[in-house]
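Asker: Can you look at this prediction? I've put the sequence above it.
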Amino acid sequence: MAELEVLTYPDKFLKQPTKPVEEIDGTIQKLIDRMTETMYNAPGVGLAAIQVGYDKSLLIYDISPKEEKRSLQVLINPRIITSEGTIISENEGCLSVPDFRADVGRAASVLVEGLDRTGKPIRIEAEGLLAIVLQHEIDHLNGTLFIDRISPLKRELYKRRIKKKLKRE
């Protein structure tokens, strides 16, 4: 199975909100499998469909430590129902924002609802790393990148660096 290409900033596609998955069919299952391969090879802990060029409300994640068995999770049409507290996600990074990390303010805990890979409704009460990953990936589905959540100064410095890099290429 072919790996998918991860879109990177400043690709405009990343800024658009995704559409709900209407039917969980073979096409969606194949997309999940290809996204999984892409995420593990990157390597990353989460990936939203929009990051690989699919305008669908779908994300995958796996926060299990590398040395343990993989534990892939799939969330279709996820929504944050409630969020509480605040936490600084230290050194947050993103496959779509390469070579850049920053501290990002996030909710300390979230309640997320969505569907699993088979279409069964699921509720996830998350805190810590899981809460951060879910917020980060759901942001993608809403057209928000983590650099949209950092200080304007840091964001501008990153944007300038990318513009220079693109000019050189």
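Answerer: Great, that's in hand.

Asker: ok, and the closest non-adjacent residue to the residue nearest the centre of the chain?
Answerer: Taking C-alpha atoms, centre = their mean, the centroid of the chain lies closest to Glu137, which sits 2.7 Å from it. With C-beta to C-beta, 6 or more residues apart in numbering as the criterion, Glu137 has its nearest non-adjacent residue at 4.1 Å, and that residue is Leu59. Where C-beta positions appear, they are placed from N, C-alpha and C, glycine not excepted.

Asker: If you count contacts, what does the helix or strand encompassing the residue nearest to the centre of the chain end up packed against?
Answerer: Using DSSP states H and E, Glu137 falls within helix 128-141. Secondary-structure packing of helix 128-141 (3 or more C-beta pairs under 8 Å, 6 or more residues apart in numbering; DSSP states H and E): strand 46-48, strand 58-61, strand 73-84, strand 87-94, strand 97-106, strand 109-115, strand 121-127.

Asker: got the buried residues for the longest one?
Answerer: If I follow you right, that is strand 73-84. Gln73, Val74, Leu75, Ile76, Asn77, Pro78, Ile80, Ser83 (16 or more other C-beta atoms under 10 Å).

Asker: sorry, back to before: the helices and strands packed on helix 128-141 into TSV, with extra columns for mean pLDDT?
Answerer: Output for these, formatted as TSV (pLDDT from 0 to 100):
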stretch	mean pLDDT
strand 46-48	98
strand 58-61	98
strand 73-84	98
strand 87-94	94
strand 97-106	93
strand 109-115	98
strand 121-127	98
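
Asker: any idea how far Phe100 is from Leu145?
Answerer: 10 Å (C-beta to C-beta, to the nearest Å).

Asker: Overlap of the contact sets of those two?
Answerer: Cys94 (C-beta atoms under 8 Å, 6 or more residues apart in numbering).

Asker: before we move on, back to that, got the contact list for the residue nearest to Glu137?
Answerer: Gly46, Leu47, Ala48, Ala49, Val74, Leu75, Pro78, Glu137, Ile138, His140, Leu141.

Asker: okay, now the last one: neighbour count?
Answerer: It stands for Leu141. Counted with other C-beta atoms under 10 Å, residues neighbouring Leu141 total 24.

Asker: I figured it hits Ile76, correct?
Answerer: No. The criterion here is C-beta atoms under 8 Å, and Leu141 misses it with Ile76 at 10.4 Å.
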